[in-house]
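**Student:** Give me a model of this one.
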Amino acid sequence: MGDRLLIRRIEFQNIKALRHASLTLGQFTLLVGPNGSGKTTVLQALEAIAARRELDPRHISSAGSSGDSTVTVDWGPPYEGSRWELAPHQSFRVLKQVGDASLLDIARTRIRVFSLDPQCLAVPVTMQPHIELQGNGLFLAGVMECLRDEDRERFDALNAEVARWLPEFDRIVFTTPAAGQKAFLLRTRDGHHPVPASELSQGTLLAIGMLTLAYLRDPPELVAIEEPDRGLHPRLLRDVRDAMYRLAYPRDHGESREPVQVIATTHSPFMLDLYKDHPEEIVIAEKRGLEATFEPLTNRKDLKDLLEDAHLGEVWYSGILGGVPAQP
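**Tutor:** Take a look at the predicted model:
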C-alpha cells in the first residue's frame, strides 16, 4: 500500500458516551448502532484529527466524568508503531506522539469525513483550481465537470452508473447559471429534458453525490461517510455498498489505484443485511446507560448459529446482537 494512511485502532477516554471505548478498523468498517452510541463521535474525532473541525472541550466530556478527555490513534503500515494521544483544545492537540513526526501533517491532507446534504449538493459552484468535494457535498458540480474534462473515460463510467441507478435519466449535463459558475442537470431518458439540480429529489441528489465520491480520480486515503444509505430507496442499498467497496477494494472493480480506508455508519437493517457474508467488516455500537462501547460482530461465538436461518438485519433488529435503542 506504499505510504497510504491506515488507522488500526482508535481509543476514546471520556469523549461523550465513549468513556472507555476502543474501535478496531479494517480496510472497510461498518458501524451500526442506535442514536447516541458514539458513531457520530467517531466521525467528529476523525474530522478533528484532520484539522477540519474545532471541538469545544466543554461540550464533549463524558457526562458526570472528572477525568481527562483523550483520543489515542494507532496507525497501520507503513506508519506501524506510530501512536498519537490527543486531547480536545479547539482542534485536537497532540499530547504524546510516538513514531513519524510528519504524520500529523500527512493526516490533515488525506482524511475526509462526508455527511452529504442534498441542498449543498445542488448549489452552483464558482469554479476554482484544484476543486474538491466538501464534506457536506458543496462543489459537486465543479468536481464532476473537472472529471469530465480530465478523465472522460471515468466520467462516462459515472454516467453509466447514474443511468443504471436512476433509470429515468440517461446522463449528467452542465450549465453556466452566471459568469464563472457551473451547475449540473440530469437529462431524462425520455425526451432528453434537462432537469436542474435544484429540482431533483433529495434521494436523487444523494445518489449522485455517493456515485461521484466512488468515481473520484484521486480520492482521499481515509473516507468516513455518515449514513450513506440516508434518503435512498432500499433497492439502491446494494449499489451504495458496491460504491463504497469500489473505494475500499479498487482492484475488485477494475481500478488500478491504491485502496481507500472506508468507515461508514448506518441505522438500517436492510443495509446491514448486505454484509452477512462479511461479518468481519461490522462493528456494533452498544449503549448501556450513559456509556457506549464498540464490539466487532465476529466476537460473537454464536454468530453462525444465529444466522443459519435468518437475515443478519433481522437478527440485529431483534436486539439479540445489541446495538439497538434500550427499552424503558
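
**Student:** What residue in the protein is the furthest from its centre?
**Tutor:** G191 (35.8 Å; C-alpha atoms, centre = their mean).

**Student:** wait, what's in contact with that one?
**Tutor:** Applying C-beta atoms under 8 Å, 6 or more residues apart in numbering, we find G191 in contact with no residue. For every residue, glycine as well, the C-beta is placed using N, CA and C.

**Student:** how about it, secondary structure?
**Tutor:** Three-state assignment for G191 (DSSP: H, G, I helix; E, B strand; the rest coil): coil.

**Student:** could you check the distance from it over to A197?
**Tutor:** 19 Å (C-beta to C-beta, to the nearest Å).

**Student:** Enumerate the beta-bridge partners assigned to I263.
**Tutor:** I263 forms beta bridges with T29, A224, as assigned by DSSP bridges.

**Student:** Count the residues that sit near it.
**Tutor:** 26 (other C-beta atoms under 10 Å).

**Student:** before we move on, what about D218?
**Tutor:** D218 has 9 nearby residues by other C-beta under 10 Å.

**Student:** which ones are touching the spatially closest residue to it that is not a sequence neighbour?
**Tutor:** Leaving aside its sequence neighbours, D218 sits nearest to R257 (C-beta to C-beta, 6 or more residues apart in numbering; 7.7 Å). Shown in contact with R257 (C-beta under 8 Å, 6+ apart): 218-219, 250.

**Student:** quick one: pLDDT of R257?
**Tutor:** For R257, the pLDDT comes out at 90.

**Student:** From D151, how far off is it?
**Tutor:** 12 Å.

**Student:** same deal with V125?
**Tutor:** 18 Å.

**Student:** Please apply the same query to D170.
**Tutor:** Distance from D170 to D151, by C-beta to C-beta: 20 Å.

**Student:** How about A197?
**Tutor:** From A197 over to D151 (counting by C-beta to C-beta), the distance is 21 Å.

**Student:** what does R217 give?
**Tutor:** 5 Å.

**Student:** Compare these two (neighbour count), which wins?
**Tutor:** Neighbour comparison, R217 and D151: the larger count goes to D151, with 16 against 12 (by other C-beta under 10 Å).

**Student:** Tell me the confidence at that one?
**Tutor:** Value listed for D151 in the pLDDT field: 95.

**Student:** got the contact list for it?
**Tutor:** By C-beta under 8 Å, 6+ apart, the neighbours of D151 are R217.

**Student:** now R230
**Tutor:** Here R230 is in contact with L206 (criterion: C-beta under 8 Å, 6+ apart).

**Student:** just the one 3 residues further on next, same as before
**Tutor:** With contacts taken as C-beta under 8 Å, 6+ apart, H233 has the following neighbours: G203.

**Student:** now do 10 Å
**Tutor:** 165, 203, 207 (C-beta atoms under 10 Å, 6 or more residues apart in numbering).

**Student:** Among the residues you listed, which one is most surrounded by other residues?
**Tutor:** A207 (25 neighbours).

**Student:** State whether that residue is indeed within a helix.
**Tutor:** Yes. Remark: A207 belongs to a helix, assigned using three-state DSSP.

**Student:** Excluding sequence neighbours, find me the nearest residue to it.
**Tutor:** Closest residue to A207 apart from its sequence neighbours, by C-beta to C-beta, 6+ apart: W165 at 5.5 Å.

**Student:** Next one: the one you found from L138, what distance?
**Tutor:** From W165 to L138 the distance is 22 Å (C-beta to C-beta).

**Student:** A207 too?
**Tutor:** 17 Å.

**Student:** Pop out the phi and psi values for L312.
**Tutor:** phi -60, psi -40 (degrees, to the nearest 10).

**Student:** Provide a list of residues in contact with it.
**Tutor:** 32, 269, 272-279, 282, 297, 303, 306, 321.

**Student:** Just the buried subset of those, written out for ChimeraX, thanks.
**Tutor:** Selection of buried members from the contacts of L312 for ChimeraX, criterion 16 or more other C-beta atoms under 10 Å:
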select :32,269,272,273,274,275,278,279,282,297,303,321
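
**Student:** Out of the contacts of L312, which is nearest to C146?
**Tutor:** L274 (31.3 Å; C-beta to C-beta).

**Student:** Look up how far E150 lies from the closest one.
**Tutor:** 32 Å.

**Student:** go on, G33?
**Tutor:** In terms of C-beta to C-beta, G33 sits 39 Å off from E150.

**Student:** which one of the two has more residues nearby?
**Tutor:** Higher neighbour count among G33 and E150: G33, with 25 against 10, using other C-beta under 10 Å.
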